[in-house]
Structures are given as C-alpha cells and as structure tokens.
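**Student:** Sequence plus the predicted model coming up.
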Amino acid sequence: MVFYSTNNWIEANIVLGLLRSAELPAVLQRTGASVYGVGTFSILVPQERMEEARQIVESAKDSAEREHGDNGHHGQ
C-alpha cells in the first residue's frame, strides 16, 4: 500500500532509509518519466504496518525540528 509519495528522489530515499533502518519492509516505486530521476516516487509498506511507518517518520521529523528549529533555517 502506498505510504508516501514525492517528486523528490532524495526525499524518497531518506524516508525509505528511515523505514528500513527500523526493520520495516518498504519498497520504492517510481512512476512517470525515467530521465534524470524525474517522476513520482512512492514508498510502499504493508497495510498492517502503515501506522508504524507513520510513527517512524513523524518521530524523525519531530527530532529534526527540535534540533534545527521548525522553520527549516536552523533556528535563524
């Protein structure tokens, strides 16, 4: 089941890495054009693990915001 979608290849791989590092089975699927990595990247996880995946990503997001501030400018 699609858990996360983005047009940004780097963002997709960061989320995929977070999930896999938590030993959650996740697969990256690309749809659309294949030139220069352009397209939509979807991360698929088993339906019964969707809530766990959400918690992993939210926890990482919260940690990053505490460390760098919530405006994306490292607290500036």
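**Tutor:** Cool, got the structure.
**Student:** For Thr31, which non-adjacent residue is closest in space?
**Tutor:** Spatial nearest neighbour of Thr31, chain neighbours left out: Thr40 (5.0 Å); criterion: CB to CB, 6 or more residues apart in numbering. Glycine gets a C-beta too; all of them are placed from N, C-alpha and C.
**Student:** and what of Leu19?
**Tutor:** Leaving aside its chain neighbours, Leu19 sits nearest to Ala26 (4.1 Å; criterion: CB to CB, 6+ apart).
**Student:** What are the neighbouring residues in contact with the one you found?
**Tutor:** Neighbour list for Ala26: Phe3, Leu16, Leu19, Arg20, Ile43, Leu44, Val45, Ala53 [criterion: CB atoms under 8 Å, 6 or more residues apart in numbering].
**Student:** filter those to the buried ones?
**Tutor:** Using 16 or more other CB atoms under 10 Å as the burial test, these include Phe3, Leu16, Leu19, Ile43, Leu44, Val45, Ala53 as buried.
**Student:** From those, pick the one nearest Ala60.
**Tutor:** If you rank the buried ones among the contacts of Ala26 by distance to Ala60 using CB to CB, Leu19 comes first, at 9.8 Å.
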